[in-house]
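*Asks:* pasting the sequence and the predicted model now:
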Amino acid sequence: MENYKPYTILNAAMSLDGKIASKSRDSKISSEKDLLRVHKLRSEVDAIMIGINTAINDDPLLTARYGYNAKPIRVIVDSNVRIRKDSRIVKSSKEIKTILAIAENNIDKARELEEHGIEVIAIGEHKVDLKRLLSILYSKNIKSLMLEGGGELNWSMLYNGLVDEIIISIAPLIIGGRDAITLVEGDGFTSINSCIRLHLKDVIRIDDEVIVRYNVINNINQKSFY
Ligand SMILES: NC(=O)c1ccc[n+]([C@@H]2O[C@H](COP(=O)([O-])OP(=O)(O)OC[C@H]3O[C@@H](n4cnc5c(N)ncnc54)[C@H](OP(=O)(O)O)[C@@H]3O)[C@@H](O)[C@H]2O)c1
């Protein structure tokens with residue numbers, strides 16, 4: 001079971017200059033038509049995963065709406081248990097299955113959240129161990145996972161070789177700003193030779209937006225992390 005993981009699709013809406021949120025953390029980048037696509041995809045997967053900064057900044061519900069009616073499992077990656085008790089996720093966690101992935105040293109902090117109906121998975125000593133988390137999710141019958149960012153979690157998932165497919169909606173916008181959030185944050189690779197390579201699967205144009213779909217090619221660099 002160790003090596004099994006859900007098929008993982010990273011989905012994001014990005015400006016032409018690679019930002020997924022402005023410096024004030026405004027992230028309303030998708031058009032109405034793109035939102036339909038996002039909600040359809042949400043309705044097709046077993047679970048949706050986000051990082052804690054996205055949970056705090058956007059306060060999302062992570063259900064499939066816009067004519068789609070589904071409630072995939074929500075997975076929040078939150079080593080230090082920073083999730084707000086008054087967030088829409090916590091408030092709806094008795095109706096919608098929610099998993100909070102935390103670090104093992106913070107297990108006591110998370111007890112109260114279990115009373116709200118949240119399943120807490122403590123994995124990794126000080127930071128969530130994503131490889132082991134995905135293996136646990138697979139064992140819970142989560143076979144497909146939609147990764148909805150943000151930039152830090154996208155980096156960790158890609159760096160650990162856990163992303164299979166990337167779907168990006170490129171909006172006709174320039175956001176700019178060195179303090180804005182880019183699609184992939186983290187430490188980054190030092191050389192182009194060592195970076196993650198992609199294979200273009202599909203390109204769709206919707207008005208002024210372009211939806212690009214890539215498969216992640218497991219290069220030598222990624223394999224060395226297994
Ligand atoms: N346009 C879009 O499609 C889109 C989609 C999603 C998000 N966003 C935007 O992105 C912004 C947030 O992005 P972000 O990069 O600041 O944060 P993020 O990726 O949402 O969350 C990162 C945080 O997750 C926690 N974490 C726990 N374990 C981790 C691990 N193994 N690897 C990485 N992170 C881990 C860390 O906090 P702890 O150490 O405290 O646990 C880390 O700081 C928001 O403004 C949101 O609106 C935009």
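*Replies:* Sure, I can see it. Numbering: from 1, shown residues only.
*Asks:* what is the longest helix anywhere in the chain packed up against?
*Replies:* If you go by DSSP state H, the chain has its longest helix at helix 32-44. Other elements packing on helix 32-44 under the criterion 3 or more Cβ pairs under 8 Å, 6 or more residues apart in numbering; DSSP states H and E are strand 7-15, strand 144-147, strand 165-171, strand 209-217. Every C-beta, even on glycine, is put in place using the N, C-alpha and C of the backbone.
*Asks:* may I have the helix or strand following the shortest one as PDB, with CA atoms only?
*Replies:* Note on strand 144-147: by DSSP states H and E, the next helix or strand toward the C-terminus is helix 151-159. What follows is helix 151-159 as a C-alpha-only set of coordinates in PDB (Å, rounded to 0.1, in the frame of the first residue of the first chain):
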ATOM      1  CA  GLY A 151       1.600  28.000  -4.400                       C
ATOM      2  CA  GLU A 152       3.400  26.500  -1.400                       C
ATOM      3  CA  LEU A 153       1.400  23.300  -1.400                       C
ATOM      4  CA  ASN A 154       1.700  23.000  -5.200                       C
ATOM      5  CA  TRP A 155       5.500  23.200  -4.900                       C
ATOM      6  CA  SER A 156       5.700  20.500  -2.200                       C
ATOM      7  CA  MET A 157       3.300  18.200  -4.100                       C
ATOM      8  CA  LEU A 158       5.200  18.600  -7.300                       C
ATOM      9  CA  TYR A 159       8.700  18.300  -5.700                       C
END
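*Asks:* just the angle between helix 151-159 and strand 209-217, please?
*Replies:* 40 degrees (axes from the mean of the first three to the mean of the last three Cα atoms, to 10 degrees).
*Asks:* touching the ligand at all, helix 151-159?
*Replies:* Yes: for helix 151-159 and the ligand, the contact criterion (Cβ under 6 Å from any ligand atom) is met by 151-153, 156.
*Asks:* among these, who's most crowded?
*Replies:* Counting neighbours by other Cβ atoms under 10 Å, the top entry in those is residue 153, with 25 neighbours.
*Asks:* could I get the full set of strands for this structure?
*Replies:* Taking DSSP state E to define them, one finds strands in the chain at 7-15, 19-21, 47-51, 73-77, 98-102, 119-122, 144-147, 165-171, 181-182, 197-206, 209-217.
*Asks:* residue 136: which of those is closest?
*Replies:* Nearest of the strands of the chain to residue 136, taken as Cβ to Cβ: strand 119-122 at 6.1 Å.
*Asks:* what angle sits between the longest helix of the chain and strand 209-217?
*Replies:* With the same axes, to 10 degrees defining the directions, helix 32-44 sits at 40 degrees from strand 209-217.
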